[in-house]
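1. sequence and predicted model, in that order:
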Amino acid sequence: MLASLQRELDQRKADGLLRQRRLLDSPQAEHIVANQQPYLSFCSNDYLGLANHPDLIAAMQKAAGDSGVGSGASGLVTGHHRYHDELEQQLARFVELPAALLFSTGYMANIGVLGALVGRGDAIFADKLNHACLNDGGYFSHAEFHRYPHNDVAALEKLLQASTAKHKLIAADAVFSMDGDIAPIPEYLALCEKYDAYLYIDDAHGFGVLGEHGKGSLNHFKIKSPRIIMMATLGKAAGVAGSFVAGEQVVIDYLIQKAKSYVYSTPAPPALSATLSASVKLIEQGDHLRANLQALIQYLKANLKLNKWRLMDSDTTIQPLVVGDNLEALALSEYLQTCGILVPAIRPPTVPVGTARLRISLSATHTMDDMKKLVAAIHQAERELCA
Ligand SMILES: *Cc1c(COP(=O)(O)O)cnc(C)c1O
């Protein structure tokens with residue numbers, strides 16, 4: 001087995017697909033120290049710049065002082081602390097849904113929720129470009145798993161029409177993590193009503209960024225329905241770690257009984273929940289941060305004028321620059337790195353073959369000066385690499 005693992009790694013490297021980690025020696029921020037070099041970073045999902053916020057650092061230190069550093073047992077034994085409970089209530093109020101449940105990561109939430117809510121005889125309808133953990137959730141559920149072309153409402157309707165499954169669940173990212181575009185959520189909800197289906201929305205990249213006061217993608221579209229269950233991660237715009245699922249009380253009550261990644265897993269430390277309570281307040285008061293993000297997005301779109309590479313059509317913090325070829329995407333990323341700028345090259349299988357790209361990710365703490373540096377370096381890279 002070891003020899004075959006090595007062969008596969010060697011092949012990945014030859015194909016320009018080997019993933020490598022950078023060693024970070026600074027807090028997550030727009031300026032970081034990675035592999036002992038200073039960089040201007042466009043790599044993180046810390047969209048509001050909260051991961052190193054002094055209020056949150058103080059909140060975590062204080063909460064560790066009065067609640068310790070570990071949860072000690074699963075939530076159903078003795079691990080459900082008042083800080084967890086308060087955060088769940090605060091999150092439910094914030095996203096305007098009846099109840100919420102914390103999970104230790106977004107990945108855990110997606111595999112747990114899909115695994116619990118649907119099973120044999122049921123069907124999941126999933127966007128082809130959904131995050132990997134929604135696919136894994138489908139696998140754990142044992143439900144039929146249908147994938148429809150990206151954002152294709154008509155194709156989805158055909159699948160729903162033809163389905164004889166007992167329970168039907170549409171599962172989609174709200175904001176697509178490698179494309180930055182937004183799912184047609186109101187159209188999906190209309191299909192749910194027409195075909196008696198339910199809607200599971202993964203708002204990993206919308207929560208904190210979209211909607212009034214950063215309430216997320218459902219608020220962005222101003223939609224509400226007992227047919228909707230949402231999940232958002234707390235390690236992206238919220239700047240900390242973890243995730244929550246929100247929906248009808250009966251859904252949350254059911255998940256507490258049946259979501260295995262909740263039931264059989266130790267919750268994140270209570271101090272993390274206390275930190276997140278402070279983070280949700282900053283998100284709610286962060287309209288100035290979201291306004292700055294919008295200005296940065298518009299600046300990038302207006303000023304990047306390239307011949308060969310193109311920005312995908314996105315109005316969110318995720319601004320992918322499509323290069324196409326794996327090695328060329330890698331070369332561009334490496335070129336920017338020599339200019340002191342980090343932007344990750346995203347290659348298959350994370351994105352479809354032939355669409356390797358730079359995933360430029362913006363944070364409210366970037367400045368216009370940072371944007372100017374990025375735009376100038378990409379223009380220079382195109383002149384030099386495509387000459
Ligand atoms: C990051 C991400 C997740 C996983 O969340 P974690 O908290 O990082 O485990 C799930 N869904 C989407 C769309 C994501 O981008």
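-> Done, it's in.
2. which residues touch K62?
-> K62 makes contact with A274, according to C-beta atoms under 8 Å, 6 or more residues apart in numbering. Backbone N, C-alpha and C define where each C-beta goes, glycine included.
3. quick one: buried residues of the helix or strand harbouring it?
-> According to DSSP states H and E, K62 maps onto helix 54-67. Neighbour-count burial for helix 54-67 flags L56, A59, M60, A63, A64, S67 (criterion: 16 or more other C-beta atoms under 10 Å).
4. go on, stretch 193-204?
-> Neighbour-count burial for stretch 193-204 flags Y195, A197, Y198, L199, Y200, I201, D202, D203, A204 (criterion: 16+ other C-beta under 10 Å).
5. tell me the confidence at the residue nearest to the fifth one when sequence neighbours are not counted?
-> Put plainly, it is Y200. Distances taken as C-beta to C-beta, 6 or more residues apart in numbering place A171 nearest to Y200, at 4.4 Å, with adjacent residues excluded. For A171, the pLDDT comes out at 98.
6. quick one on the thing from earlier: so what's the gap between the helix holding K62 and the chain middle?
-> Distance of helix 54-67 from its chain centroid, counting by C-alpha atoms, centre = their mean, to the nearest Å, is 25 Å.
7. for D173, give me its contacts.
-> Contacts of D173 by C-beta under 8 Å, 6+ apart are D127, L129, N130, H131, L134, A183, I201, D202, A204, H205.
8. could I get those in CSV, plus columns for secondary structure, distance to the ligand and pLDDT?
-> Shown next, in CSV, are the contacts of D173 (DSSP: H, G, I helix; E, B strand; the rest coil; distance: C-beta to the nearest ligand atom, whole Å; pLDDT from 0 to 100):
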residue, secondary structure, distance to the ligand, pLDDT
D127, strand, 10, 98
L129, coil, 10, 94
N130, coil, 7, 96
H131, coil, 3, 95
L134, helix, 7, 96
A183, coil, 11, 98
I201, strand, 10, 98
D202, strand, 5, 98
A204, coil, 3, 98
H205, coil, 6, 98
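9. okay, these in TSV with distance to Q285 next?
-> Output for these, formatted as TSV (distance: C-beta to C-beta, whole Å):
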residue	distance to Q285
D127	33
L129	33
N130	32
H131	29
L134	31
A183	27
I201	24
D202	25
A204	22
H205	21
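10. which SS state does the residue nearest to Y200 fall under?
-> Under DSSP: H, G, I helix; E, B strand; the rest coil, the three-state class of A171 is strand.
11. what about it, how many residues nearby?
-> Residues contacting A171 under the criterion other C-beta atoms under 10 Å number 29.
12. list the beta-bridge partners for it.
-> Per DSSP bridges, the residues bridged to A171 are A126, Y200.
13. what sits against it?
-> By C-beta under 8 Å, 6+ apart, A171 lies in contact with L114, I124, F125, A126, D127, N130, L134, G137, G138, Y200, D202.
14. quick one: buried ones out of the residues you listed?
-> Neighbour counting by 16+ other C-beta under 10 Å classes L114, I124, F125, A126, D127, N130, L134, G137, G138, Y200, D202 among those as buried.
15. perfect, that will be all.
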